[in-house]
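**Student:** Sequence and predicted model, in that order:
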Amino acid sequence: MNTNINISYEDENLLILNKPAGMITHPKNISDKQDSITGWLVEKFPDIKNIGEPFIASGSEVPRTGVVHRLDKDTSGLLLVAKNDKAFFYLKKLFQDRKIRKYYLALVNGRPKKPKDTISSPLGRIGLKRTTKIIGDKLIDKKEAETEYRTVKNYKDYTLLEVLPKTGRTHQIRVHLNSIGTPVAGDIIYGFRKAATPLGLGRLFLHAYKLEFVSLSGEKLVIEADLPQDLQGVLFELAQSP
């Protein structure tokens, strides 16, 4: 089991984990034996195995183990975990009411036309792939989606953005940024096929770096996680370019 999972915050009701890139949040189905956040949680915190409603994955139920939301396998960063059912349903309601603010850092190819903007494009699904192109008979599960972004730093051929998704759709950030012509660097699914990859980048440059919300005890929490060293190294190399 991957041991590069750090606990960024803990109290009697919740955990905030710093998930490494390359690890799934939960198994794809009940027989999936990949290392996962839920598997790690069962080992470290066995009492929370049955906290929250199960995920439905490939037609079977997978224990949620208190995990309130998900991060893509190649996305690193902060992940909320409830330690009891009261906390789980409290946090779930905060997400539904958009009272949890999740901030990401994303390095994108190119430069957005506007340094700061809100992308409001419904997301649909064609097969397993998400899209903002909602024309055609094969599109299913169209859902409204909204993403804010602002420029943090410009590089020669790339831009570092702070991204705030207002809704929590699958692959929302990746699809929305691709839809405005600036796909996330290293994105082999939603990126441009011929887009250059920065030197030293071996995965998706997307990191969930900050969470803001009011805890069950009434405390306002602002938790941050530094960029992982591999992503810091990429930015260092880009800063050296003329």
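**Tutor:** Structure's in. What do you need?

**Student:** which intervals of this structure have sub-threshold pLDDT?
**Tutor:** 1-3, 29-30, 32, 56-60, 124-143, 242 (pLDDT under 70).

**Student:** Strands of that one, start to end?
**Tutor:** For the chain, strands defined by DSSP state E occupy the ranges 6-10, 14-19, 55-57, 60-62, 76-82, 101-109, 116-120, 123-126, 129-131, 140-143, 146-154, 158-165, 206-214, 220-224.

**Student:** Format those as JSON lines; extra columns: distance to Phe45.
**Tutor:** Backbone N, C-alpha and C define where each C-beta goes, glycine included. Below are these laid out as JSON lines (distance: least, CB to CB, whole Å):
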{"stretch": "strand 6-10", "distance to Phe45": "10"}
{"stretch": "strand 14-19", "distance to Phe45": "8"}
{"stretch": "strand 55-57", "distance to Phe45": "17"}
{"stretch": "strand 60-62", "distance to Phe45": "17"}
{"stretch": "strand 76-82", "distance to Phe45": "8"}
{"stretch": "strand 101-109", "distance to Phe45": "22"}
{"stretch": "strand 116-120", "distance to Phe45": "37"}
{"stretch": "strand 123-126", "distance to Phe45": "33"}
{"stretch": "strand 129-131", "distance to Phe45": "32"}
{"stretch": "strand 140-143", "distance to Phe45": "32"}
{"stretch": "strand 146-154", "distance to Phe45": "32"}
{"stretch": "strand 158-165", "distance to Phe45": "27"}
{"stretch": "strand 206-214", "distance to Phe45": "19"}
{"stretch": "strand 220-224", "distance to Phe45": "18"}
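
**Student:** Would you mind finding the most buried of these?
**Tutor:** strand 76-82 (a mean of 25; mean count of other CB atoms under 10 Å).

**Student:** CA-only coordinates of it, as PDB, when you get a sec.
**Tutor:** C-alpha atoms of strand 76-82 as PDB (Å, rounded to 0.1, in the frame of the first residue of the first chain):
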ATOM      1  CA  SER A  76      -3.000  15.200  -6.300                       C
ATOM      2  CA  GLY A  77      -4.100  17.200  -3.300                       C
ATOM      3  CA  LEU A  78      -6.700  17.600  -0.500                       C
ATOM      4  CA  LEU A  79      -9.500  15.100   0.100                       C
ATOM      5  CA  LEU A  80     -12.200  15.300   2.700                       C
ATOM      6  CA  VAL A  81     -13.000  12.200   4.800                       C
ATOM      7  CA  ALA A  82     -15.800  12.000   7.500                       C
END
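
**Student:** Residues touching it, excluding its own?
**Tutor:** 8, 13-21, 25, 37, 41, 48, 51-52, 65-71, 88, 90-91, 100, 102, 104, 206-211, 223-225, 228, 231 (CB atoms under 8 Å, 6 or more residues apart in numbering).

**Student:** Of all the strands of the chain, which one is nearest Leu177?
**Tutor:** Between Leu177 and these, the tightest spacing by CB to CB is seen for strand 101-109, at 5.6 Å.

**Student:** which residues does Asn109 contact?
**Tutor:** Taking CB under 8 Å, 6+ apart as the test, what Asn109 contacts is Asp157, Tyr158, Thr182, Pro183, Val184, Ala185, Gly191, Phe192, Ala195, Ala196.

**Student:** what about the residue nearest to it when sequence neighbours are not counted, how many residues close to it?
**Tutor:** Once flanking residues are discounted, Asn109 sits nearest to Ala195: 4.6 Å by CB to CB, 6 or more residues apart in numbering. Neighbour count of Ala195, defined by other CB atoms under 10 Å: 19.

**Student:** Enumerate every residue touching Ala195.
**Tutor:** Asn109, Pro183, Ala185.

**Student:** so how far is Asp157 from it?
**Tutor:** According to CB to CB, to the nearest Å, Ala195 and Asp157 sit 9 Å apart.
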